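Below is the sequence, then the predicted model.
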Amino acid sequence: MLSYEPDETIAHRLDPRSKLAVQIGFAATALAHTSLPALVVLSAVTGVVLAAARVRLLETLYAYRFALVVLAIAPLVAAVTFGSPWIDVEDGLTSLRASYRVLLILLVSAAYVRSTPVRHSRSAIQRTIPGKPGQMLGIGVALVFRFLPVLRGDLRTIREAMAVRLGTERGALERLSTIGLLGLTRAFERADRLSLALQARCFAWNPTLPPLSFSRVDYPILAFAVVLALSALL
Amino acid sequence: METHRESVDPVADDVVRSFARAAILAALLGATAPVSIPIPISPVPITLQVLFVFLAGLYLGPVWGPFSVLLYLTAGAVGLPVFAEMKSGIGILFGQTGGYLWGYVVAAWLIGVMVHRGTELRDPAEQPLPIVVVALVASMVVIYGMGVGYMAWLLELELLEAVAMGMVPFLVGDLLKMVAAVAIVKSKRITQVRP
């Protein structure tokens, strides 16, 4: 599974905002170009990004294995035609190039995931999106990180309880509505306790955040992100 | 030493409550990613995600429902493994399933607007059944429209090919989820909807 790993690479030292900018720029230009030369350039950029964050390629490809299956099937589906000649190679190749760029976008985002701790992302969100929406999004993301394991546990409890009562023998519809109902009820109970706890701790619009600052390395990276984004217009 | 003075600007009580619900529901959306239920007719097992997107629109309304889904997408984008098959990263939002994920936000908003008709929350159980059903169907159309459309454009597929890959295998499961959402609303067991 992909997650943050402490390390000393260049990517780890960068400000999260410039890393986010690079990803968005990269995605923009990858979505705009599918020609072969463009893909070669994009692959080279991906290679540099992966090296900068010291991402292990094979492990990452393994983590994305299910996405890769879809990306591999798409060109086949595109190539098959009804009626003679049955296989349209040109169509398949076009789709293959399109699928390949999606893989590159996924790999670049894996570099961000490996090199950025959550609290940096939260800080970046809160400092980039102005005002109350940014605050809500920043705190909300932190809460989602905190509560994910708790709610996974809740769901597991519900499913185990259902399995013990032969829930696995029942129809899909009944299972779905039982999980939905119990999951939501438990979640709302937790939310009410959480809101009480937030109020008790003086939940405010202006808390103190960890400082973020651009270092000298960040400026060329930011410029690179702008170049990537603009290259989408070429 | 320099002192820094700032007065505290507390968040209003009703906002805290809605916000807490949206955040927890976003975590629940993430927690459902690895849960799947096999169904006999379709090769693809059901995941619960869409069901909770429906419930977000139904019970949180047109503001906090989409906000909850947006939180889920943001948490996934910055590295929490909450997308299908425990993936994460901003790339997924641009990848072949990105259209569906963005569609979830619009779907939750659409259900909220149609069922609550305003920012004042109403109990969905007290709304006429046709409104709830039409809202769910409309949101399903939005999710598939955005999902299949984006997949076709991204992978350079013909529309029919994209429908075969991105819609047909999931259709039975999603219909079941709509029925389940209606059953949950009509059971009236989710109470205290108002903030």
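Sure, I can see it.

chain center to stretch B:104-124, what's the gap?
Chain-centre distance of stretch B:104-124: 12 Å, with Cα atoms, centre = their mean, to the nearest Å.

Return the mean pLDDT over it, rounded to an integer.
For stretch B:104-124, mean pLDDT rounds to 89.

Then stretch A:139-152?
The model assigns stretch A:139-152 a mean pLDDT of 85.

Please, where are all the strands along chain B?
Remark: strands assigned in chain B by DSSP state E are B:36-37, B:46-47.

which of those strands has the lowest average pLDDT?
strand B:36-37 (a mean of 66).

What about the nearest residue to residue B:138 once chain neighbours are set aside, how many residues nearby?
Once flanking residues are discounted, residue B:138 sits nearest to residue B:110: 5.8 Å by Cβ to Cβ, 6 or more residues apart in numbering or on different chains. In short, each C-beta sits where N, CA and C put it, glycine included. When neighbours are counted by other Cβ atoms under 10 Å in any protein chain shown, residue B:110 registers 23.

Residue B:110: what's it in contact with?
B:57, B:135, B:138, B:139, B:142 (Cβ atoms under 8 Å, 6 or more residues apart in numbering or on different chains).

Out of those residues, which end up buried?
Among the contacts of residue B:110, the ones that count as buried by 16 or more other Cβ atoms under 10 Å in any protein chain shown are B:57, B:135, B:139, B:142.

In a helix, residue A:214, correct?
No: if the criterion is DSSP: H, G, I helix; E, B strand; the rest coil, then residue A:214 is coil and not within a helix.

isn't it right next to residue A:16, touching?
No: contact between residue A:214 and residue A:16 fails when scored by Cβ atoms under 8 Å: they sit 10.8 Å apart.

The two - which one has more neighbours?
More neighbours surround residue A:16 than the other of residue A:214 and residue A:16, with 22 against 13 (other Cβ under 10 Å).

so what's that one up against?
A:116, A:120, A:121, A:123, A:124, A:212.

go again using 6 Å as the cut-off
If a contact means Cβ atoms under 6 Å, 6 or more residues apart in numbering or on different chains, then residue A:16 has A:116, A:120, A:121, A:124 as its contacts.

Of the residues you listed - the most surrounded one?
Neighbour counts for the contacts of residue A:16 (other Cβ under 10 Å) peak at residue A:121, which has 27 neighbours.

Touching, that one and residue B:76? I think so.
No: Residue A:121 is beyond contact range of residue B:76, at 11.2 Å (criterion: Cβ atoms under 6 Å).

where does chain B have low pLDDT?
B:1, B:35-46, B:85-86, B:192-195 (pLDDT under 70).

For burial, what's the neighbour tally of the residue of chain A found nearest chain B?
Taking Cβ to the nearest Cβ, chain B has its nearest neighbour within chain A at residue A:109, 3.2 Å off. Neighbours of residue A:109 under the rule other Cβ under 10 Å: 29.

Same question for residue A:71.
Residues lying near residue A:71 (other Cβ under 10 Å) number 22.

swap in the one 4 residues further on?
Residues near residue A:75, counting by other Cβ under 10 Å, number 23.

roughly how far out does the helix or strand where it lies sit from the chain middle?
For residue A:75, the host element (DSSP states H and E) is helix A:65-79. Centre-to-centre, helix A:65-79 and its host chain are 20 Å apart (Cα atoms, centre = their mean).

Ok, stretch A:170-189 next?
Chain-centre distance of stretch A:170-189: 27 Å, with Cα atoms, centre = their mean.

what does the average pLDDT come to for that stretch?
On average, the pLDDT along stretch A:170-189 is 86.

And the contacts of that stretch?
Contact with stretch A:170-189 is made by A:154, A:158, B:24-25, B:28, B:37, B:39, B:51, B:55, B:176, B:179-180, B:183-184, B:189-190, as judged by Cβ under 6 Å, 6+ apart.

No more questions from me, cheers.
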